[in-house]
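Peer 1: The sequence and its predicted three-dimensional model are supplied below.
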Amino acid sequence: MKLARIGGPGEERPVLVDTAGVYRDLRGHLDDVDGVALSPQSLARLRALDPATLPVVSGAERIGPCVTRVGKFVCIGLNYSDHAAETGARIPTEPIVFMKATSAIVGPNDPVVRPRDSKKLDWEVELGIVIGSRAHYVSEAAALGHVAGYCVVNDVSEREFQLERGGTWDKGKSCDTFGPIGPWLVTPDEAGDVANLALWLEVNGRRCQNGTTRNMIFKPDFLVSYVSRFMTLHPGDLISTGTPAGVGLGEKPPRFLNPGDVVELGVEGLGRQRQTVVAERQSA
């Protein structure tokens, strides 16, 4: 099952994407795609619906973030050995965990805003894990039972803010628009083996990232279990699982995004995103 949200910012409504790719209105069955809607009981109720009985919604509308009211946006750093190597970092022996502000979340095709004073705006295609039931010290074997679905994430990053401005990574990861998610939340039964999915990203039509989740150092089941040891995960929380090689920081010389650049990315079976970079508007 694929769930999505369409409409203008703050006015999105929940839809189901049927097998033909047609959007079907879920209003009357669901208030929104949030933690409450992602419980196992709620998903089972939605799965029992006949999509053909749901009203068709125009596919021309804006696609919003696939989940709303995200409580925590947890990210995993350097989770692909090839990405660690290209940035000159050591391969971690335990997951590197940092947080991305939920105010960074935008729709999959919304513009990415280059912040004021930014010089090193970068891209990262990632697999996102959306939690569906409370996870607190869960075992690795039970971890994926707490997952409601998966989505595409672009972990947009400002490398100077992240690496050269002191302190933690969060300030280079949390600017407004630095968290495009979606287009869909894909439930585990449809997503398949998420430890074996292709990921890709292009800038202005040039393929920069071409990876596979097979190369993750820490797999999704381990990550959910691991993070749940340090913080309770609640329905609607999001874990972004790291990026493969091919980021701008790793190019020689490094290459970063400028206003007018177009970034396109996707994860096998989970859909694709397209963002245009725009400059931060200066106040008067």
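Peer 2: That came in fine, so what should we check first?

Peer 1: going forward, measure contacts between C-alpha atoms and count neighbours the same way
Peer 2: Noted.

Peer 1: For stretch 246-259, C-alpha coordinates in CSV please.
Peer 2: What follows is the C-alpha trace of stretch 246-259 in CSV, where atoms were taken according to Å, rounded to 0.1, in the frame of the first residue of the first chain:
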residue,chain,number,x,y,z
GLY,A,246,28.5,10.4,-4.8
VAL,A,247,27.9,13.5,-2.7
GLY,A,248,29.2,16.9,-3.7
LEU,A,249,31.7,17.0,-0.8
GLY,A,250,33.3,13.8,-2.1
GLU,A,251,34.0,15.1,-5.6
LYS,A,252,37.5,16.2,-6.6
PRO,A,253,37.3,19.2,-6.4
PRO,A,254,34.1,19.3,-4.3
ARG,A,255,31.0,20.5,-6.1
PHE,A,256,28.1,22.1,-4.4
LEU,A,257,24.6,23.3,-5.3
ASN,A,258,23.7,26.8,-6.6
PRO,A,259,20.4,28.5,-7.3
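
Peer 1: Check which residues of the longest helix seen in the chain are buried.
Peer 2: Longest helix in the chain, counting residues (DSSP state H): helix 220-230. Buried residues in helix 220-230, counting neighbours by 16 or more other Cα atoms under 10 Å, are found at 220-228.

Peer 1: pLDDT score for residue 284?
Peer 2: pLDDT, residue 284: 51.

Peer 1: let me redo that: residue 66
Peer 2: You'll see residue 66 listed with a pLDDT of 98.

Peer 1: Count the residues that sit near it.
Peer 2: 31 (other Cα atoms under 10 Å).

Peer 1: Which helix or strand contains it?
Peer 2: Per DSSP states H and E, residue 66 falls between elements, in no helix or strand.

Peer 1: Residue 56 versus that one, what's the distance?
Peer 2: Remark: distance between residue 66 and residue 56 (Cα to Cα, to the nearest Å) = 18 Å.

Peer 1: Same check on residue 129?
Peer 2: When Cα to Cα is applied, the distance between residue 129 and residue 56 equals 28 Å.

Peer 1: More neighbours: which of the two?
Peer 2: Neighbours were counted for residue 129 and for residue 56 using other Cα under 10 Å; residue 129 has more, 29 against 17.

Peer 1: Okay, helices next: where are they in the stretch 1-150 of the chain?
Peer 2: Read by DSSP state H, counting those that start in this stretch, the stretch 1-150 of the chain holds these helices, from start to end of the chain: 40-47, 81-86, 140-143.
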